[in-house]
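Student: Below are the sequence and a predicted model for it; my questions follow.
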Amino acid sequence: MNEAEVSQWFHKAAALGRIGDQEKLPKHGLQTHACQAILATTVACWILTDAMDNFGVYSPYPVPELTSEQAMRLAVEHHQAGHLQEAECIYRQVLARQPRHAEALGLLGAIAYQTGRNDIAVDLIQQAIALKPGLAEAHNNLGSALKDTGRLDEAIAAYRQAIALKSDFAEAHSNLGNALANAGRLDEAIVAYRQAITLKPDFAEAYGNLGIAMANAGLGDEAIAAYRQAIVLKPDLASAHINLGNALVNAGRLDEAIAACRQTIALKPDIAEAYFNLGNALANARLADQAIAAYRRAIALKPDLTMAHNNLGSVLKDAGRLDEAIAAYRQALTLNPDDSKAHSNLVYAIQFHPAYDAPTIAEEHRRWNQRHATPLQPYLQPHLNDPSPCRRLRVGYISPDFREHVVGRFLLPLLANHDKSQIHVFAYADVLEHDALTRTLGSHVDDWRSIVGLPDDKAAALIRQDGIDILVDLTMHMAHNRMLIFARKPAPVQVTYLAYCSTTGLDTIDYRLSDHYLDPPGANESVYSEKTLRLPETYWCYQPGRACPEVRQVPALTQGYITFGCLNNFCKVNEPTLATWARILLATPNSRLLLHAGEGAHRLVVQERLRREGIEPQRVRFSPSVPSPEYFSLYHNIDLALDPFPYGGGTTTCDSLYMGVPVVSLVGKTAVGRGGLSILSNLGLPELAVRSEDEYVHLATTLATDLTRLCDLRSTLRRRMEQSPLMDAQRFARGIEAAYRDMWRTWCGRNKPA
């Protein structure tokens, strides 16, 4: 090829708009055969690409003559350099001459996969394998295309065939791990990643994926080690940095998590996911203002990062900024209407908002069901359980909170007192980090199943395989719920209990447990998707923490002033509640108010709101989240507890009463607002639950001036608790079991053999 011919090719390229003027071309080496061939063939490929469709319509332009072997070498060079369009053109030229060229077909399929044309990729690679079954790379690429189309079993088979042909194929082992992990087969995935690393010790990406599989399998410390090794091998591997921060958050190693996230941001300041993980770490560290700023920065960098909007909503909710929280959740759903977790967060958050009544809350739950659960109805299967009404029942409990958590605390007395001759207990635990309470709860069940990382459909299949008769949800729409397991109806009878007394909205959950105070007979039950089944006495069975200290005397006797307190989650503190508390403080001179609230601007908002009502800021004190012993000790400083509204206390009310601190409660218009009435009635003190805000203020101020009454309550409340249905675990367990038996008999009656 002479200079005139070279110049002709460049003029054609310029006409296509591919390059600029000839002055920008290299000035040396144009006479070498390789350079000429690359130049001419590259320009020819540009011409071909502009002229052909996905199935190969070829241009009439003349193409420099190369042998198929030369063309393949050239194409592979382009392919490896990331010049996919040019490589594709050459592969097509080869196939125009040799339609049965297996390598060209396979690599053309690889490019189709790389450019998102998975169906075409599968077809082309399968043609290549049919022509030449021993192409290990083709089997590996076929696996990747199949995996991305959701055909996981076929993908796994393809990767295994690649490995059978080439046992030291590290990339195929790693890809096999990815497919196994996507299929929920985490143990096998971990083995595959380890084999990839054995074959290729510097395989940073395999270490990163190993970390993900370990994290999903609940092996937090091992995951962290894998991510750290990936970073050592490839310091700029952003995904490893991001996942390390996430794993440290999940492990509760918050200082390390914050440092790791900040290091990632220093290396790559424009990665939204790094700010997202930083927000998670800061939120878990109860640094609300900093967490909000981090999430907002993530959103600024990547406005469609749904998770950032969702988690921003959660930290705003916990800071009591409910309007902003609800707006954030709704934005997450605008971006991804199929995000069931964000929608769960929304339906949970509106229960705290004083402007949402029961019918409005119920309607949002119905929307959740319609969007996320109803599409699964065609896949529901009949249940083949033995419909004998009196046999031993197989009862399964699902929760992420088999641990030191309020749900775990309330569940313990029930599990410890189940009649095992009547109930075979299964626990389906979505618990990443086990603690002492996890182990104690586990000792009281017959079969423990970890569903960490297990997809909803696989978990539902496991439950069905276990032959569960009654499946009990303990989470509802709170964090880490598994509502989409229940949407698949793996058990004939499904129940929701304990998380909070409301509704799930799911048509596939048959019953909700309640009591006669939370849901008075005759109350409107159309706001629930489930049938309400009232327990005989109490919704709760209380067991105090091991570190619960002894009751002390009324603090006002030594301090000289009354201290009101509310140690409920701060998201329950709202404008109407603060206005009512201000009236109580004004009517009780020199009194104080102690609130549970982490560091952040929301503390200043409370002080400013009360200051406008005439309450000096120094009369309001705050306590952050503290370990259990310190939390219970806070009650030594409180004379009288004030129940928030419209969402009252449950666990906190029981804790307060057990520590000798009476609680004044306002009976609400929803079940979550009648928890105080239920607990106080079971304690024989229904007079402490009143029906109006005026009565609430009057009762609180009257009790505050009656130290004799406060002293009497202080000295007797713990004994009242211990002698009440609230702490009679055996009696409570029998009541629950009777409810289960009634549900089961109803199902059996509908499913008698013909």
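Tutor: Perfect, I can see it now.

Student: Please, where are all the strands along the stretch 101-250 of the chain?
Tutor: Counting by DSSP state E, counting those that start in this stretch, the stretch 101-250 of the chain forms no strands at all.

Student: Helices along that one, start to end?
Tutor: Assigned by DSSP state H, counting those that start in this stretch, the stretch 101-250 of the chain shows helices spanning 102-114, 118-131, 136-148, 152-165, 170-182, 186-199, 204-216, 220-233, 238-250.

Student: export the ones you listed to a markdown table and tack on mean neighbour count, distance to Tyr500 and mean pLDDT?
Tutor: All C-beta spots, glycine's among them, are computed from the backbone N, C-alpha and C. Listed next are the helices of the stretch 101-250 of the chain as a markdown table, based on neighbours: other Cβ atoms under 10 Å; distance: least, Cβ to Cβ, whole Å; pLDDT from 0 to 100:
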| stretch | mean neighbour count | distance to Tyr500 | mean pLDDT |
| --- | --- | --- | --- |
| helix 102-114 | 23 | 47 | 84 |
| helix 118-131 | 20 | 43 | 84 |
| helix 136-148 | 24 | 39 | 87 |
| helix 152-165 | 20 | 37 | 93 |
| helix 170-182 | 24 | 33 | 94 |
| helix 186-199 | 20 | 31 | 96 |
| helix 204-216 | 25 | 28 | 94 |
| helix 220-233 | 20 | 28 | 95 |
| helix 238-250 | 24 | 24 | 89 |
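
Student: what about the ones you listed, which gets the closest to Ser450?
Tutor: Among the helices of the stretch 101-250 of the chain, the nearest to Ser450 by Cβ to Cβ is helix 186-199 (10.1 Å).

Student: For the closest one, give me every contacting residue.
Tutor: Helix 186-199 is contacted from outside by 168-171, 173-174, 176-178, 180-181, 203, 206-207, 209-210, 213-214, 216-217, 453, using Cβ atoms under 8 Å, 6 or more residues apart in numbering.

Student: do the same with stretch 120-139
Tutor: The contact list for stretch 120-139, computed with Cβ under 8 Å, 6+ apart, reads 54, 100, 102-103, 105-106, 108-110, 112-113, 141-142, 145-146, 149, 158-159, 161-162, 165-166, 169, 172.

Student: what's the answer for stretch 693-712, then?
Tutor: Contacts for stretch 693-712 (Cβ under 8 Å, 6+ apart): 553-554, 556-557, 562, 564, 576, 580, 583-584, 587-588, 591, 639-640, 642, 662, 664-666, 688, 690.

Student: what's the span of stretch 310-329 from first residue to last?
Tutor: 5 Å (Cα to Cα, to the nearest Å).

Student: Return the distance of it from the chain's centre.
Tutor: Centroid separation between stretch 310-329 and its chain, computed with Cα atoms, centre = their mean, to the nearest Å, is 16 Å.

Student: Next, the buried residues of it.
Tutor: For stretch 310-329, the neighbour count (16 or more other Cβ atoms under 10 Å) marks 310-322, 324-326, 328-329 as buried.

Student: Can you pull out the residues in contact with it?
Tutor: For stretch 310-329, using Cβ under 8 Å, 6+ apart, the contacting residues are 276, 279-280, 283, 288, 291-292, 295-296, 299, 309, 332, 339, 341-343, 345-346, 349-350, 352-353, 479, 569-571, 573-574, 598, 600-602, 605.

Student: State the phi and psi torsions of the residue nearest to Gly668 when sequence neighbours are not counted.
Tutor: Once flanking residues are discounted, Gly668 sits nearest to Pro646: 4.9 Å by Cβ to Cβ, 6 or more residues apart in numbering. Main-chain torsions, Pro646, degrees, to the nearest 10: phi -80, psi -10.

Student: what does Arg512 give?
Tutor: Phi and psi for Arg512, reported as degrees, to the nearest 10, are phi -130, psi 130.

Student: Tell me, how many residues neighbour it?
Tutor: By other Cβ atoms under 10 Å, 25 other residues sit near Arg512.

Student: How about Gln465?
Tutor: Neighbours around Gln465, by other Cβ under 10 Å: 9.

Student: now swap in Asn574 and tell me
Tutor: By other Cβ under 10 Å, 18 other residues sit near Asn574.

Student: Surely it touches His353?
Tutor: Yes - here Asn574 reaches His353: they are 7.4 Å apart, a contact under Cβ atoms under 8 Å.

Student: Can you pull the domain assignment for the protein?
Tutor: Following automatic domain parsing, the chain resolves into domains at 309-376, 399-534, 557-727.

Student: got the contact list for the residue nearest to Gly668?
Tutor: Phe352, Pro354, Gly668, Lys669, Thr670, Val672, Gly673.

Student: Can you pull the phi/psi pair for Ile398?
Tutor: With angles defined as degrees, to the nearest 10, Ile398 sits at phi -110, psi 130.

Student: how much space between the nearest residue to it once chain neighbours are set aside and Asp338?
Tutor: Spatially, and ignoring its direct neighbours in sequence, Ile398 is nearest to Tyr428 (4.4 Å; Cβ to Cβ, 6+ apart). Per Cβ to Cβ, to the nearest Å, Tyr428 is found 24 Å from Asp338.

Student: what's the answer for Leu642, then?
Tutor: Taking Cβ to Cβ as the measure, Leu642 falls 41 Å from Asp338.

Student: ok, these two, which is more surrounded?
Tutor: Neighbour tally, Leu642 and Asp338, criterion other Cβ under 10 Å: the higher count belongs to Leu642, 25 against 11.

Student: what sits against that one?
Tutor: Going by Cβ under 8 Å, 6+ apart, Leu642 touches Phe564, Gly565, Cys566, Trp581, Ile584, Val663, Val664, Ala700.

Student: Among these, which ones are in helices?
Tutor: Judged by DSSP state H, helices contain the following of those: Trp581, Ile584, Ala700.

Student: My read is that the second one contacts Thr563, right?
Tutor: Read it as Ile584. No - applying Cβ under 8 Å as the test, Ile584 and Thr563 come out as separate, 11.9 Å apart.

Student: Need the residues touching each of those two.
Tutor: With Cβ under 8 Å, 6+ apart, Ile584 and Thr563 have common neighbours Ser591.

Student: sorry, back to before: would JSON lines of the helices of the stretch 101-250 of the chain with distance to Thr538 be doable?
Tutor: What follows is these, written out as JSON lines (distance: least, Cβ to Cβ, whole Å):
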{"stretch": "helix 102-114", "distance to Thr538": "59"}
{"stretch": "helix 118-131", "distance to Thr538": "56"}
{"stretch": "helix 136-148", "distance to Thr538": "51"}
{"stretch": "helix 152-165", "distance to Thr538": "47"}
{"stretch": "helix 170-182", "distance to Thr538": "44"}
{"stretch": "helix 186-199", "distance to Thr538": "40"}
{"stretch": "helix 204-216", "distance to Thr538": "38"}
{"stretch": "helix 220-233", "distance to Thr538": "37"}
{"stretch": "helix 238-250", "distance to Thr538": "35"}
